[in-house]
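>>> please work out how this folds:
(2 chains)
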Amino acid sequence: MAKYVGEKIKRTEDPRLIQGIGHYVDDIKLPDTLHVAFLRSMYAHAHITGIDTSEALAAPGVVAVYTGKDVADKVGAVPCAGALPDLKVPDYRVLANDHAVFVGQPLAAVVATDKYAARDAIDLIMVDYEELPAVVDVEEAAKEGSPLVYEEYGDNIAYRLTSGEGDIEAALGAADKIIKQRVVHQRLAPIAMEPRGVLARYFPGEQELTVWSSTQIPHLLRTQLAIMIGIPENKLRVITPEVGGGFGSKLNVYAEEALLGWIAMQLNKPVKWIETRRENMQATIHGRGQVGYIEIGCKNDGEITGLRYNVFADMGAYLQLLTPAIPTLTGLMLSGCYKIPAIQMNITACFTNKMATDAYRGAGRPEATYVIERAVDLVAAELGMDVVEVRRRNFPQPDEFPFATKTGLSYDSGNYQGALDKALAMADYTGLRQMQKQARDAGRIVGIGVSTYVEICALGPSQAMPAGGWESATVRIEPTGKVTVLTGISPHGQGEETSFAQIVADEFGIALEDVTVIHGDTAIVQYGIGTFGSRGIAVGGTAVFLAVEKLKEKAKQIAAHMLGADASSVTFKEGKFSKPATRAASVAGGVSDPDVPVSEAPAAALPEPNVEDKQISIQDIALAAHIARELPPGMEPGMSATHFFEPTNFTFPFGTHICVVEIDKETGDIKIVKYVAVDDCGKVINPMIVEGQIHGGIVQAIGQALYEEVVYDEQGQLITGTLMDYALPKAAMIPHLELDRTETPSPVNPMGVKGVGEAGTIGATPAVVGAVVDALSPYGVRHLDMPLRPEKIWQAVNQA
Amino acid sequence: MNKAVSIKVNGTAHTAEIEPRLLLVHYLRDVLGLTGTHVGCETSICGACTVMLDGQAVKSCTILAIQADGSSVTTIEGLAANGVLHPVQEGFWEKHGLQCGYCTPGMIVAGAQILLRNPHASDDEIRHGLEGNLCRCTGYQNIVAAVKYAAGKINTQAASGD
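Below you'll find the model as predicted:
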């Protein structure tokens, strides 16, 4: 009987966080710590002809200053995991040597006794820049004659790739209508509320380097830092303390992380760098950054015949860990939740003089969903059909799963009609359309947007991943019966200390309080991949579940031995193994080993472990396994099991989002008056946490649709360099969200879970934009590019 | 030229010689070791650094510590009394008002301030009251619910004369 799984269990993480007594990187204080500050390029593109650090070195409190020349042959290049044919990978170093390629690129590092002194000394470094022409716009970057980010490449093309299946020319040729639309997925800043931060300490005697970093991938970071710094991987320990949000921005290996480790080894003192928000805006990865051209063919009845998407993907000035892979994820998901006979995507990935793009919550899939959902809306507008009917017309039926797409995927399970119908009922879609008609008759501007999305989660089968897609877990029952779970994922707000404990407590039939989940320390936890791609529960949780199953099987063997029963007859319920009552006497009587407790022996006479009449708890079995006097012959002592779970497929959560907006004709202001979301992420461990993930994702999507944009000027200067200029959604800008779920289990893992971390950012953006476009359709609007700021809306209304 | 300041923090008097340019948040975090107050933007926008200064919620990242000389500061560490969580802290736990937890101390202090000023704040009033605090995880819905929960608790306690 599930006791915790499926329940709204309050998070075990929370008490420390609500009292301000958790530990993020900057909260860890080591004696004699030195502080690092960075001098960063003020130009988007420049030759560095000289750096004079003498004045900085002489400043009070300054211990050392390092430039690109100091580290050029000491610290390796920042790694990129992309493995695409003919990919150009710039040799990007932790400090620029003589060529700066974006505003914010680190040029020099000052180490001082306190952070104010380090910051002061930055201003004393003299840099000779020779400014070069910058390329900022991704479409311009692709053109011949554009300024070049890297002269040696001869162009700005990082790679080109064509993907998709089916005869696209024939498919578009067979269409009654072909609709074309250019769409912009603007650059976004992930803005984890905790900026990045690194603390590094080296013990020269032990030759051990410890790096505390605010990261989503402690083990992958350890491997890469070991390579970059040139230290044996087993002498490097990465600790991920409390992490204040990531959203993909900390799924990376950054220059500063390697440099701090290296500096600690030079100075034999702890060194700390805490990113400022301005640095975070300049030099932590951005997301999105695609300009694409949609071509969709359809029959007059709304049937989609084919989809082509030619996209210019803005890589930025160099390649971070997954930069080139993000647009390929867009290609995978272009079919959306529709049967499309032919799909083609042509990627032109370009370098520009801006910060690198990489994974931001959704990572290529929000772009795909936006493309196909906008395209379906355009089909509906072209044919004069309802947006719901076009979607329904093209859904695969529930009995068509697993469903193969022309992007090479096999969707595991789905019931798109079910989620759509539930959302339509919740929102009273028919009533909404009547309301809209009446509102329009009264001169108001009201729109309804619908998004039916599917996403790819639980990343992923190792065959499809750049560096292993499995996940690991160790579960052990300690001698006192307490259960320790070591997970290879690295939660940073997702609450898996709670949800994994729910799984383990239920499977063992023990109290939640008896389970502790440990993560984010490479010296304690076996190698893991980390937290990203909505993989925590579906891959990491499955690893935990399967490790528990291994332990239960071992415990059953021990129980049978101790109870004097046949293992096949022993049952496990509510934390206790029991032998069948009818066979008890004879089996017990047949036991020859005098040390094995028999059913007649009074429980109180047994010192330890506690074997009751005909049953024994799993925690007592664990004790017995540690004492190891009563184990079946040949069995390993101890009660610990590790599982490395390799998923056979991705999972494909889905859902329907409906957004209603009203627009102020005088100001262009958009008010979201209703938001309904029905999401299906398979089986749910903790519905409270799932709802929280969806809330947060939707609001980030609303941010993209209406407010957020990283803006560089034509010289490549970052205009949105602080939170005063980059518009994050605030509480009063956001409506109350009405959520519900359907539940279609995944066949890919034993718990039937799918993942939910990115559903909101993937599903919601097209619903919001669709609603605004629908509102403006009487003004002849069929599409507007994000972010839909009031000025843009006002112009659409008042210039129509 | 260091200056002496006397600041009462969470009920305890502290004196220190500090640089005049030292920010209040760095005084709290680095001098006193109260690391529950966070820095998220250095520009008064995100509110992660919100503390109470003589009963008013302020952004400690843009106040100098010497400006707080002679004042009384309450940080997140000082909200719980005698081991009992403040109702807003309790609300955040009950209503899943936090995920990564980084904005949470500032949010809780801001929430407490909203209820001090208006114990019967509506959803809209709470949302507007939180405009100086950014959260990237929760989408705010459960934060509003958490403050509402606290309001209910505070009002019940007031009604029962507790």
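
>>> partner strands of the lengthiest strand in chain A, parallel or antiparallel?
Taking DSSP state E as the criterion, chain A has its longest strand at strand A:304-316. Applying DSSP bridges to the sheet, strand A:304-316 is found paired with strand A:290-298 (antiparallel), strand A:343-351 (parallel).

>>> now do the buried residues in the first one.
Think strand A:290-298. A:290, A:291, A:292, A:294, A:295, A:296, A:297, A:298 (16 or more other Cβ atoms under 10 Å in any protein chain shown). Glycine gets a C-beta too; all of them are placed from N, C-alpha and C.

>>> before we move on, back to that, the strands paired with strand A:304-316: which one's closest to residue A:398?
strand A:343-351 (22.1 Å; Cβ to Cβ).

>>> how about that closest one as PDB, C-alpha atoms only?
Extracted in PDB, the C-alpha atoms of strand A:343-351 (Å, rounded to 0.1, in the frame of the first residue of the first chain):
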ATOM      1  CA  ILE A 343       9.500  16.900 -41.700                       C
ATOM      2  CA  GLN A 344      12.700  18.600 -42.600                       C
ATOM      3  CA  MET A 345      14.800  20.900 -40.600                       C
ATOM      4  CA  ASN A 346      17.800  22.800 -41.900                       C
ATOM      5  CA  ILE A 347      20.100  24.300 -39.300                       C
ATOM      6  CA  THR A 348      22.600  27.000 -40.000                       C
ATOM      7  CA  ALA A 349      24.400  27.500 -36.700                       C
ATOM      8  CA  CYS A 350      26.400  30.700 -36.500                       C
ATOM      9  CA  PHE A 351      29.000  32.400 -34.300                       C
END
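
>>> save the strands paired with strand A:304-316 as TSV, and put in mean pLDDT too.
Shown next, in TSV, are the strands paired with strand A:304-316 (pLDDT from 0 to 100):
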stretch	mean pLDDT
strand A:290-298	98
strand A:343-351	98
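
>>> looking at those strands, which is nearest to residue B:88?
strand A:290-298 (41.5 Å).

>>> how far does the closest one sit from the chain's center?
Mean-position distance between strand A:290-298 and its chain equals 26 Å (Cα atoms, centre = their mean, to the nearest Å).

>>> how about stretch A:635-648?
With Cα atoms, centre = their mean, you get 26 Å for stretch A:635-648.

>>> end to end on that stretch, go ahead and measure it.
The first and final residues of stretch A:635-648 sit 31 Å from each other (Cα to Cα, to the nearest Å).

>>> give the buried residues for it.
Quick answer for stretch A:635-648 (16+ other Cβ under 10 Å): A:639, A:640, A:641, A:642, A:643, A:644, A:645, A:647.

>>> and what of stretch B:98-117?
Quick answer for stretch B:98-117 (16+ other Cβ under 10 Å): B:98-115.

>>> list the contacts for residue A:474?
A:484, A:485, A:486, A:525, A:526, A:547, A:640, A:641, A:642 (Cβ atoms under 8 Å, 6 or more residues apart in numbering or on different chains).

>>> can you get me a residue count around the fifth one?
Residue A:526: 15 surrounding residues under other Cβ atoms under 10 Å in any protein chain shown.

>>> check contacts around it.
Contacts of residue A:526 (Cβ under 8 Å, 6+ apart): A:472, A:474, A:486, A:488, A:642.

>>> same deal with the second one?
With contacts taken as Cβ under 8 Å, 6+ apart, residue A:485 has the following neighbours: A:473, A:474, A:475, A:500, A:501, A:504, A:515, A:516, A:517, A:518, A:544.

>>> could you do residue A:207 as well?
A:231, A:235.

>>> if I look at it, how far off is chain B?
As judged by Cβ to the nearest Cβ, to the nearest Å, residue A:207 and chain B stand 30 Å apart.

>>> and what of residue A:799?
For residue A:799, the distance to chain B - Cβ to the nearest Cβ - is 32 Å.

>>> next one: residue A:214
With Cβ to the nearest Cβ as the criterion, residue A:214 and chain B are 10 Å apart.

>>> same check, this time on residue A:704
Per Cβ to the nearest Cβ, residue A:704 is found 13 Å from chain B.

>>> that residue: neighbour count?
Count around residue A:704 with other Cβ under 10 Å applied: 28.

>>> now do the contacts for it.
By Cβ under 8 Å, 6+ apart, the neighbours of residue A:704 are A:186, A:188, A:288, A:366, A:761, A:765, A:786, A:787.

>>> what number of residues are in the vicinity of the closest residue to chain B within the stretch 301-450 of chain A?
Closest approach between the stretch 301-450 of chain A and chain B, counting by Cβ to the nearest Cβ: residue A:361, at 9.6 Å. The number of residues packed near residue A:361 is 26, by other Cβ under 10 Å.
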